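**Student:** the sequence and its predicted three-dimensional model are supplied below.
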Amino acid sequence: MKIDAVMIPALKDCVHCGLCLPECPTYHATGREAESPRGRIAALRGVVEERSSVSDAIHDGLESCLVCRACESACPSGISMENLMARYREQTRNVRGDFSASLESWLLSYVISHPRRLNACLNLVRILSPGLRIFPGNEDLPARHRLRPQPPVPQLLEPSGQARGTVSILRGCVADRLFREETHLAARLLARAGWRVLVPAAGCCGALHHHAGLVEAGQRHASLRWKDLSAAEVDYVVVDSAGCGSHLLGQRDSDSPPITDTVTLLAHEGGFVAKSRLPGRWAISVPCHQQHSDLDSTTGISIIESCVEERVELPAQDHCCGAAGMYLLRRRKLSRKIGKMAHERFEKSDADAIVSGNPGCLLRWEGLLGSSRAKHPVQILAQSSGLTPI
């Protein structure tokens, strides 16, 4: 099997410096060069230049990439591992007969991007989950309260007082079913702060498709979401999932409104006042795709700190928690190993609880710590300001 030579320019940019190695969670977990960014680039370049074939070992090393993008922040050559992996998976998806990749493709093409089918699938998981939880190894199932039916989010929330402007909020796909309460809280926090809030219909942004190698589908879904989110004159598009936000940012036209998240917008524009502090020692886990993309990863931290009694730092390295979208289906064993390492970092911090906004990350932390010790940032802000869930 040949890989398109369009990859060669980026692959040749690698200077083999190794700065990416300590940033890579899969390399940290396995110690294998083949499961590091440098090793993956070297293997892929060998295949592209026809010095080697896509052996099972090479394919396994490439497929184990989380696409967390931490290596991109460390790379002096500016190589985008996200784009390399998307193109590799695009070209090998229907060739190797990988069951996990086939299952992922089927879910993305026929379930996740169809809200009614996704809802039916998650309802089935809700029915089966009590029995599934009996068996060990099912800690990655969503918490029970996530699977319960949730009330719809209003399509429009008017501000209290004079409007600062208008924002639209991405409901998403899986997030709309499992995190609808958080979306509603975000909309209410923004309306209370003076924003007119538009909430378009739910729909997939294509980030999961892009990471899985369904590149054209990822672009198509992003285009549809941009059409929905910017249909009216809005000042900001609010996306509380960093993976979705970074993907939409990459598909953004120059005349499209800027992307932000609820906490960053409130910290930047004002309108939020913490009335009390949540007790305990809180760690803040900034999502990988917020840290390693052009999204703002720092402004919102101060407003979260104002809502908690004490903030503690997670010890370095600040690696991915191992959830990484659908990675727990792609590489279940390695995902859990990386999750265990993240849990160990949390324990070393002596924190009581953790704040994490990305849907997949929060599901992972709820599985590791329990839902009472893992909170979404908008939950923290809502509790601190006295805003109660619907």
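**Tutor:** Right, received. Where do you want to start? If you're wondering where the values come from, they're calculated on a predicted model, not measured in any experiment.
**Student:** from here on, contacts and neighbour counts on C-alpha atoms
**Tutor:** Fine.
**Student:** what sits closest to the most centrally placed residue in the chain if chain neighbours are left out?
**Tutor:** Residue closest to the average C-alpha location in the chain (C-alpha atoms, centre = their mean): Gly243, at 3.6 Å. Closest residue to Gly243 apart from its sequence neighbours, by C-alpha to C-alpha, 6 or more residues apart in numbering: His289 at 5.4 Å.
**Student:** show me what counts as buried in stretch 370-382.
**Tutor:** Within stretch 370-382, the residues that qualify as buried are 371, 374-382, counting by 16 or more other C-alpha atoms under 10 Å.
**Student:** tell me the mean pLDDT over it?
**Tutor:** Throughout stretch 370-382, pLDDT has a mean value of 94.
**Student:** tell me the domain ranges of this structure?
**Tutor:** Domain ranges of the chain: 5-96, 100-147, 156-268, 273-385, per automatic domain parsing.
**Student:** out of those, which gets the lowest mean score?
**Tutor:** Ranked by mean pLDDT, the domains of the chain bottom out at domain 100-147, with a mean of 83.
**Student:** span of it from start to end?
**Tutor:** 24 Å (C-alpha to C-alpha, to the nearest Å).
**Student:** end-to-end on stretch 20-31?
**Tutor:** End-to-end distance (C-alpha to C-alpha), stretch 20-31: 13 Å.
**Student:** so what's the gap between it and the chain middle?
**Tutor:** Centroid displacement of stretch 20-31 relative to its chain, using C-alpha atoms, centre = their mean, to the nearest Å, is 19 Å.
**Student:** one more: stretch 31-41?
**Tutor:** Taking C-alpha atoms, centre = their mean, one finds the center of stretch 31-41 at 23 Å from the center of the full chain.
**Student:** most remote residue from this protein's center?
**Tutor:** In the chain, counting by C-alpha atoms, centre = their mean, Arg51 sits farthest out from the average C-alpha position, at 35.5 Å.
**Student:** wasn't it part of a strand?
**Tutor:** No - according to DSSP: H, G, I helix; E, B strand; the rest coil, Arg51 belongs to no strand; its state is coil.
**Student:** and it, how far is that from Leu44?
**Tutor:** Distance from Arg51 to Leu44, by C-alpha to C-alpha: 10 Å.
**Student:** check Ala86 too.
**Tutor:** The gap separating Ala86 from Leu44 is 13 Å, by C-alpha to C-alpha.
**Student:** please apply the same query to Arg330.
**Tutor:** Look at Arg330 and Leu44: by C-alpha to C-alpha, they are 19 Å apart.
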